[in-house]
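Peer 1: here are the coordinates; sequence isn't available:
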């Protein structure tokens, strides 16, 4: 346990949480939030999710609903206006979202002068009517403590195809890359299959999410057409292994960034995380997939 | 463009050639085409690792060449291996691993042809890959009636399962009559030995 870094991570995240509450009606600007916390853009969204248990977008959406509840209770503002202020285009969409949170519809809530004593939230950070947020308790995932390893890796020369669009469609980039390299005899048992993720799919619009499908190649491999070449930075990484389907990688990231990182005494290097896929997803059941997640560390 | 469904032989043959549970059972296996390579020595040893590399290199080169050309796509099969020794009297399992002989195999759809193997090998040699690729063969293997079971646990404990398979065969009036064949379901690099899943297959004939 390194309480000093936990305190440091908490203070930095608290600045972000206060900023969000003071600018609830603005479009979230991830770059600005990351800057406020002095976290790299590559990692900010994962640290946020890890410590708060929800994404920036989910967090803001919930706070707006909590604010709407308070306005329903303490003002006579029409429900449609409150719905609009909470970011909903229609009364119906607002009612649905509100009901999911409070259990009753906005008009019932107003009639009953209901209270949101225990709105569901993973982090216990709630909309602050007047006072400024002064502290928060990061989400504790609990369970068995995380097994991590530290690895110094050499820079890796990789061929890559960039995918821009929803994550679950990155298979197209993999198809293009592995077909082209495979027919040239460049895929073998020593080949590493690496994914580089640059964006937070919860905040970045799906059609703009960037992902590089990468395969290690020898020195003489030259870029051509859609296949680029880049060098993945060497250096120290913390490594955690994810067992199971790719669509649950987020849970392992959340534990690493929320549970391990703030207590580790370490800081992250501003470079993307690597996902190293250890089996062939074509012939493997999703539960049997194994992925190593490498997160770049700043040297001590 | 209408895309044909990708072929996955392991899934398709799960209720026939790859049917296996925790207890021995008789299965009637079909004829299968395999990419194969033979060698000698301990699993994980130098020859073994070189040949695994060569076998996978060829398997992926053939598959991706077909895929690039827009031909029928398929999943590269799981690693399989037959094991034996030169000794007539001793079972290979009783000998030190240095004396083990093996044939590494990857099941491949029947439409893959010899000339595709040859061109994959020349591509790999051009890329200065290990000369072992020259030893890869395309073979059709028929094992017919076999006793089969799923072994869960370390490879070193297979003997117990084999004993059960033998007893089962004898109860049925059958005897082992072919090579010890293993199909590797789990990835030994990551799966703890206790949870490793391996299908054991041994051809049998009337006593």
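Peer 2: Okay, I see it. Quantities reported herein were computed from a predicted structural model and do not represent experimental measurements. Numbering: from 1, shown residues only, chains lettered A, B, ... in the order given.

Peer 1: what does chain B have sitting close to chain A?
Peer 2: B:6, B:8, B:10, B:52-53, B:56-57, B:60-61, B:63-65, B:67-68, B:75-78, B:120, B:123-124, B:126-127, B:129, B:186-187, B:189-190 (C-beta under 8 Å from any C-beta of the partner chain). The way it works is simple: take the backbone N, C-alpha and C, and place the C-beta from them, glycine included.

Peer 1: Tell me the buried residues within these.
Peer 2: Buried members of those, counted by 16 or more other C-beta atoms under 10 Å in any protein chain shown: B:8, B:52-53, B:56-57, B:60-61, B:63-65, B:67, B:75-78, B:120, B:123-124, B:127, B:129, B:186-187.

Peer 1: Okay, and which of these map to helices?
Peer 2: Under the assignment DSSP state H, those contribute B:52-53, B:56-57, B:60-61, B:63-65, B:67, B:120, B:123-124 to helices.

Peer 1: who's in contact with the closest residue to residue B:193 other than its chain neighbours?
Peer 2: Leaving aside its chain neighbours, residue B:193 sits nearest to residue B:154 (3.8 Å; criterion: C-beta to C-beta, 6 or more residues apart in numbering or on different chains). Counting by C-beta atoms under 8 Å, 6 or more residues apart in numbering or on different chains, residue B:154 touches B:193, B:194, B:196.

Peer 1: Any chance of a markdown table for the ones in helices among the buried ones among the residues of chain B next to chain A, columns pLDDT?
Peer 2: Formatted as a markdown table, those follow (pLDDT from 0 to 100):
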| residue | pLDDT |
| --- | --- |
| B:52 | 95 |
| B:53 | 94 |
| B:56 | 96 |
| B:57 | 96 |
| B:60 | 97 |
| B:61 | 97 |
| B:63 | 97 |
| B:64 | 97 |
| B:65 | 97 |
| B:67 | 95 |
| B:120 | 97 |
| B:123 | 97 |
| B:124 | 97 |
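
Peer 1: just these now: which is nearest chain A?
Peer 2: Proximity of those to chain A (C-beta to the nearest C-beta) peaks at residue B:64, which lies at 2.5 Å.

Peer 1: Excluding sequence neighbours, find me the nearest residue to residue B:42.
Peer 2: The nearest residue in space to residue B:42 (C-beta to C-beta, 6+ apart) is residue B:97, at 3.6 Å.

Peer 1: Same question for the lowest-mean-pLDDT helix or strand in chain B: list its buried residues.
Peer 2: Lowest by mean pLDDT, DSSP states H and E among the helices and strands of chain B is helix B:9-12, with a mean of 92. Across helix B:9-12, burial judged by 16+ other C-beta under 10 Å covers residue B:9.

Peer 1: Residue A:295 falls within a helix, correct?
Peer 2: No. The assignment for residue A:295, made by DSSP: H, G, I helix; E, B strand; the rest coil, is strand rather than a helix.

Peer 1: hang on, it packs against residue A:275?
Peer 2: No. Using C-beta atoms under 8 Å, residue A:295 makes no contact with residue A:275, being 10.4 Å away.

Peer 1: Of the two, which one has the most company?
Peer 2: Legend: neighbour count by other C-beta atoms under 10 Å in any protein chain shown for residue A:295 and residue A:275, higher for residue A:295 (25 against 20).

Peer 1: Tell me how far that one lies from chain B.
Peer 2: Residue A:295 sits 19 Å away from chain B, going by C-beta to the nearest C-beta, to the nearest Å.

Peer 1: Let me know the pLDDT of that residue.
Peer 2: pLDDT recorded at residue A:295 is 96.

Peer 1: With residue B:93 instead?
Peer 2: Taking residue B:93 on its own, its pLDDT is 83.

Peer 1: helix/strand/coil for it?
Peer 2: Quick answer, by three-state DSSP: residue B:93 is helix.

Peer 1: a markdown table for the ones in helices among the buried ones among the residues of chain B next to chain A, including distance to residue A:202?
Peer 2: Formatted as a markdown table, those follow (distance: C-beta to C-beta, whole Å):
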| residue | distance to residue A:202 |
| --- | --- |
| B:52 | 41 |
| B:53 | 40 |
| B:56 | 37 |
| B:57 | 40 |
| B:60 | 35 |
| B:61 | 39 |
| B:63 | 36 |
| B:64 | 34 |
| B:65 | 40 |
| B:67 | 34 |
| B:120 | 43 |
| B:123 | 43 |
| B:124 | 43 |
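
Peer 1: can you name the two of those residues that are farthest apart?
Peer 2: B:52 and B:67 (22.1 Å; C-beta to C-beta).

Peer 1: How about the closest residue to chain B within the stretch 51-200 of chain A, nearest residue that isn't a chain neighbour?
Peer 2: Closest contact between the stretch 51-200 of chain A and chain B, by C-beta to the nearest C-beta, is at residue A:182 (2.5 Å). Leaving out its chain neighbours, the residue that sits closest to residue A:182 by C-beta to C-beta, 6+ apart is residue B:64, at 2.5 Å.

Peer 1: Distance check, the one you found against residue A:140.
Peer 2: Plainly put, residue B:64 is 46 Å away from residue A:140 if you go by C-beta to C-beta, to the nearest Å.

Peer 1: for residue A:212, same thing?
Peer 2: 33 Å.

Peer 1: what's the answer for residue A:5, then?
Peer 2: Relative to residue A:140, residue A:5 is positioned 16 Å away (C-beta to C-beta).

Peer 1: which one of those two has more residues nearby?
Peer 2: Remark: of residue A:5 and residue A:140, residue A:5 carries more neighbours, 16 against 10, as counted by other C-beta under 10 Å.

Peer 1: For the one helix or strand that one maps to, give me every contacting residue.
Peer 2: Assigned by DSSP states H and E, residue A:5 belongs to helix A:3-22. Helix A:3-22 is contacted from outside by A:28, A:32-33, A:36-39, A:47-48, A:51-52, A:56, A:59-60, A:63, A:125, A:127-128, A:132-136, A:138, A:261-266, using C-beta under 8 Å, 6+ apart.

Peer 1: and if we set it to 7 Å?
Peer 2: Contact partners of helix A:3-22, identified using C-beta atoms under 7 Å, 6 or more residues apart in numbering or on different chains, comprise A:33, A:36-39, A:51, A:59-60, A:63, A:125, A:128, A:132-133, A:136, A:138, A:262-265.

Peer 1: Which residues of the stretch 151-300 of chain A lie near chain B?
Peer 2: A:178-179, A:182-190, A:278-280, A:282-283, A:290 (C-beta under 7 Å from any C-beta of the partner chain).

Peer 1: Going along the chain, name the helices of the chain.
Peer 2: All of this is about chain A. Using DSSP H, helices in chain A cover A:3-22, A:30-37, A:41-52, A:56-74, A:79-85, A:91-102, A:106-111, A:171-183, A:249-255, A:261-264.

Peer 1: think we crossed wires, I meant chain B
Peer 2: B:9-12, B:46-68, B:114-126, B:158-171.

Peer 1: I'd like a version of those in a markdown table, one that adds distance to residue A:153 as further columns.
Peer 2: Formatted as a markdown table, these follow (distance: least, C-beta to C-beta, whole Å):
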| stretch | distance to residue A:153 |
| --- | --- |
| helix B:9-12 | 33 |
| helix B:46-68 | 21 |
| helix B:114-126 | 27 |
| helix B:158-171 | 36 |
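
Peer 1: residues in contact with the spatially most central residue of chain B?
Peer 2: In chain B, the residue lying closest to the centroid (C-alpha atoms, centre = their mean) is residue B:80, at 1.7 Å. By C-beta under 7 Å, 6+ apart, the residues touching residue B:80 are B:105, B:107, B:181, B:182, B:183, B:184.

Peer 1: Strands - which of these land there?
Peer 2: B:105, B:107, B:181, B:182, B:183, B:184 (DSSP state E).
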